[in-house]
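> Sequence first, then the predicted structure, then my questions.
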Amino acid sequence: MAVLSTQDMVNKYLQAEADVLDGKVVQFNGRRVEMVDLPAITKGRQEWERRLAQERAAAQGGRRPGYSLAAFE
C-alpha cells in the first residue's frame, strides 16, 4: 500500500464527504459509509486539514501565512 500524503488524505475526505452528501454509499477506509456517517467524515477531514496547516506552517519556518501587522501612529 502506498503511503498517502496529508493533502491526499484531505482530498479523500473531501471526496467521501461530497459523495455522501450526493446520497452515494461509498467504501472509505475499508468500510461502508452513508449519510449517518457524515459527522465522522467531517471530523476526520477537519483533523487532516489541521495537520496539513501545521505541516505548511512548519515548512515556512513557523511563520503564519496571511496577514501582516502594521502600526498606525
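That came in fine, so what should we check first?
> Excluding chain neighbours, what is closest to A40?
Excluding the flanking residues, the one nearest A40 by CB to CB, 6 or more residues apart in numbering is V33, at 7.9 Å. Every C-beta, even on glycine, is put in place using the N, C-alpha and C of the backbone.
> Quick check: buried residues in the helix or strand bottoming out on mean pLDDT in the chain?
Sorting the helices and strands of the chain by mean pLDDT, DSSP states H and E puts strand 26-28 at the bottom, at a mean of 75. By 16 or more other CB atoms under 10 Å, the buried positions in strand 26-28 come out as 26, 28.
> likewise stretch 12-32?
So stretch 12-32, judged by 16+ other CB under 10 Å, has buried residues 12-13, 16-17, 20, 26, 28.
> Mind checking the pLDDT average for the longest helix along the chain?
The helix that spans the most residues within the chain, counting by DSSP state H, is helix 38-59. For helix 38-59, the mean per-residue pLDDT is 89.
> helices or strands up against it?
Packed against helix 38-59 by the contact rule (3 or more CB pairs under 8 Å, 6 or more residues apart in numbering; DSSP states H and E) you find helix 6-21.
> Any idea how far the helix it packs on is from the middle of the chain?
7 Å (CA atoms, centre = their mean, to the nearest Å).
> D37 and Q46, how far apart?
Look at D37 and Q46: by CB to CB, to the nearest Å, they are 15 Å apart.
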